[in-house]
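> take this sequence and fold it.
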Amino acid sequence: MPPLDNPRWEAFCQARAKGMRLDDAYERAGFVLAKGHSSRLSKRPEVAARISDLRSLLHADSDVHRGTLIAGLLRIARASEALSTPAGAREARMALVDAAKVQKDLDAQRALDQREILSENSPVNPPVG
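Numbering: from 1, shown residues only. Below you'll find the model as predicted:
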């Protein structure tokens, strides 16, 4: 999605994508804080879509880095196993454990981002009944 035409909306989206709190991002974008305004802005379809796109771009960069790290650890594990020595087995195990930790952190961050995006786009006062 291209940048939004409204520069303050775009600034708000950029700040939210980087993890800034709702009200802080609203003020950073140049708006005067008033109750509920930041929440309403974040729920506008074009704003929510832009925040989501920016977050996916930010996380894509870190995913590539983490993916490269995991691939390197797996190469170390394979090479260490090929040594067929106790030290090689230990090194392979440690590399596999490290790769699993990195993958677990990556999965947890993705889940957290998805929950946050869903909670931002839920209605402020859901209907009762």
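> buried residues in the lengthiest helix in the chain, which are they?
Counting by DSSP state H, the longest helix found in the chain is helix 45-82. Neighbour counts over helix 45-82 (16 or more other C-beta atoms under 10 Å) mark 47-48, 50-52, 54-55, 59, 66, 70, 73, 76-77, 80-81 as buried. Backbone N, C-alpha and C define where each C-beta goes, glycine included.
> check stretch 31-48 too.
Of the residues in stretch 31-48, those buried by neighbour count under the rule 16+ other C-beta under 10 Å are 31, 38, 41-42, 47-48.
> need the pLDDT of Ile64.
No, residue 64 isn't Ile; it's Val. Note for Val64: predicted pLDDT of 61.
> ugh, typo on my part, it should be Met20
The model's pLDDT for Met20 equals 87.
> enumerate every residue touching the residue nearest to it when sequence neighbours are not counted.
Nearest non-adjacent residue to Met20, counting by C-beta to C-beta, 6 or more residues apart in numbering: Arg28, 6.6 Å away. By C-beta atoms under 8 Å, 6 or more residues apart in numbering, the residues touching Arg28 are 11-12, 15, 20.
> out of the residues you listed, who's the most crowded?
The most crowded member of the contacts of Arg28, judged by other C-beta atoms under 10 Å, is Phe12 (28 neighbours).
> distance from the one helix or strand that one maps to to the middle of the chain?
Assigned by DSSP states H and E, Phe12 belongs to helix 7-17. Centre-to-centre, helix 7-17 and its host chain are 16 Å apart (C-alpha atoms, centre = their mean, to the nearest Å).
> could I get the buried residue list for it?
The neighbour-count check on helix 7-17 (16+ other C-beta under 10 Å) flags 9-17 as buried.
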